[in-house]
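Asks: give me the fold of what follows.
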Amino acid sequence: MNANMVVVETRLPEDIFNTLQARGLFKDVLAEETRRLLALRFYRERVLSLGRAARLAGLSRWEFLELLSENEIPVLDYSREELGREFEAVDKLEKDLKE
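Replies: Down below sits the predicted model:
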């Protein structure tokens, strides 16, 4: 897949960057980690779907599911109302299929 990309820059204080670099966190690793952290946050806040968050993270859906698990972020996090609507939709679908 060859998608158009947008470059987003982040400025870091030089001393912090040097500290990170001393620990092996060079620009490419920082960029990758930043994308993954953004993907986790935006998925948790329901800004991005699972597929889009996985794409932002540069991972397959299965790999992103693993990342969610490692960070204790639920894949499904419905409120009571949302879950109730989902069950109602399933009941309606079941009824429609029987007719």
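
Asks: which residues sit against the helix or strand where Arg41 lies?
Replies: With elements delineated by DSSP states H and E, Arg41 resides in helix 27-44, which encompasses its position. Contacts made with helix 27-44 from outside it, assessed by CB atoms under 8 Å, 6 or more residues apart in numbering, are listed as 10, 20, 25, 48-50, 53-54, 56-59, 64, 67-68, 71, 73, 77. For every residue, glycine as well, the C-beta is placed using N, CA and C.

Asks: so which bits of that helix are buried?
Replies: Neighbour-count burial for helix 27-44 flags Arg35, Arg36, Leu38, Ala39, Leu40, Phe42, Tyr43 (criterion: 16 or more other CB atoms under 10 Å).

Asks: quick one: which of the contacts of helix 27-44 sit in helices?
Replies: Under the assignment DSSP state H, the contacts of helix 27-44 contribute Leu20, Leu50, Ala53, Ala54, Leu56, Ala57, Phe64, Leu67, Leu68 to helices.

Asks: what residues are up against the fourth one?
Replies: Spelled out, that is Ala54. Applying CB under 8 Å, 6+ apart to Ala54 gives the contacts Ala39, Ser60, Arg61, Glu63, Phe64.

Asks: quick check: the fourth one vs Asn4, distance?
Replies: Spatial separation of Glu63 from Asn4 under the definition CB to CB, to the nearest Å is 23 Å.

Asks: neighbour-wise, which of the two wins?
Replies: For Glu63 against Asn4, the residue with the higher neighbour count under other CB atoms under 10 Å is Glu63, and the figures read 12 against 4.

Asks: now that one: closest residue in space that isn't a chain neighbour?
Replies: Ala54 (7.1 Å; CB to CB, 6 or more residues apart in numbering).
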